[in-house]
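Fold the stuff below for me.
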Amino acid sequence: MLGSKVFASNEEILTFHVASETQPCVGVGPMNCLVVNGEYFYDSIEGFNFEPGYEYQLKVLRTERENVPADASSYIYTLLEISDKRSVATGDMATAVTPLLRYSPANTSWKYNGADFFFDETHYSISFGCNTLTGGYSVDRLELSFQAPMSTLMGCSPDIAQKEQLFANLIIQMKAFEVWGEHTVLVGDGVAIILQ
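From the prediction side, this is the model:
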């Protein structure tokens, strides 16, 4: 397995530990592979510029491709964050490490899994096209706390009802509002909601 998984909608967030040197390998042809979590990694990571001599810990978004061309990977890997970059020679952390940015979602609006997702100062609301789910939230320094949503009682199609139930289960687990690279996320213990 290539890292600890965090699921959000139909995407996956992985943690990659990248070794300090690439290794000769054979994919479509001879090439040099990154060594990720002790295994050869045959794909590229969009936005990641590897420097030999440094070990990295990365957060990477893995997105499943549709209509995969022959000899192409089934996934696209995109760098979200360099959590750690350390020189093998000195053990010192490099200055390029980017800290997470954390803040409140108050007065913002987003798209999530096809839904409109809004925050005011103390409440959130979301609609997947049928019911409206609303609930309270609070911010204590960097930590968020979400109440379970209340919902209107319209009869919805099974796919929308499933999205509503999934969201209701996820939102109460969220504890922080963060920026990972170009992505804004709500994060809990082992789960995340990627906002657009």
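
any idea how far residue 115 is from residue 130?
In this structure, residue 130 and residue 115 are 10 Å apart, going by C-beta to C-beta, to the nearest Å. In this view, the C-beta of every residue, glycine as well, is placed from N, C-alpha and C.

CA atoms of stretch 75-85 as CSV?
These are the backbone C-alpha positions of stretch 75-85, laid out as CSV (Å, rounded to 0.1, in the frame of the first residue of the first chain):
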residue,chain,number,x,y,z
TYR,A,75,-4.7,7.7,-11.4
ILE,A,76,-3.5,11.3,-11.4
TYR,A,77,-1.4,12.3,-8.4
THR,A,78,-1.3,16.0,-7.4
LEU,A,79,0.9,17.5,-4.6
LEU,A,80,-1.2,19.1,-1.8
GLU,A,81,1.5,19.8,0.7
ILE,A,82,5.2,19.2,1.6
SER,A,83,4.8,18.2,5.3
ASP,A,84,8.5,17.7,5.7
LYS,A,85,11.7,18.1,3.7
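
Check the average confidence over it, would you?
For stretch 75-85, the mean pLDDT works out to 85.

chain center to it: distance?
How far stretch 75-85 lies from its chain's middle: 10 Å, per C-alpha atoms, centre = their mean, to the nearest Å.

same check, this time on stretch 151-161
Using C-alpha atoms, centre = their mean, the mean C-alpha position of stretch 151-161 is found 27 Å from that of the whole chain.

buried stuff in that stretch?
For stretch 151-161, the neighbour count (16 or more other C-beta atoms under 10 Å) marks 151, 156, 160 as buried.

Filter these down to just the ones in strands.
Counting by DSSP state E, the buried residues of stretch 151-161 place residue 151 in strands.

Does the residue nearest to residue 180 when sequence neighbours are not counted belong to a helix, a strand or coil?
On the basis of C-beta to C-beta, 6 or more residues apart in numbering, the spatially nearest residue to residue 180 that is not a chain neighbour turns out to be residue 80, at 3.9 Å. Assigned by DSSP: H, G, I helix; E, B strand; the rest coil, the conformation of residue 80 is strand.

Contact partners for residue 80?
Contacts of residue 80 were listed using C-beta atoms under 8 Å, 6 or more residues apart in numbering, and they are 13, 58, 59, 60, 61, 180, 181, 182, 183.

Of the residues you listed, grab the buried ones for PyMOL.
Restricted to buried positions by 16+ other C-beta under 10 Å, the PyMOL selection for those reads:
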select buried, resi 13+58+59+60+61+180+181+183
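
Which pair of the contacts of residue 80 spans the longest distance?
Taking C-beta to C-beta as the measure, the contacts of residue 80 reach their widest spread between 58 and 182, a distance of 14.2 Å.

what residues are up against residue 185?
Contacts of residue 185 were listed using C-beta under 8 Å, 6+ apart, and they are 8, 177, 178, 179, 192, 193, 194, 195.

same question, residue 122
136, 137, 138.

what's the answer for residue 30, then?
Residue 30 makes contacts with residue 24, as judged by C-beta under 8 Å, 6+ apart.

I'd like the distance between it and residue 42.
Noted for residue 30: a distance of 12 Å to residue 42, by C-beta to C-beta.

I'm done for today, thanks for sticking with me.
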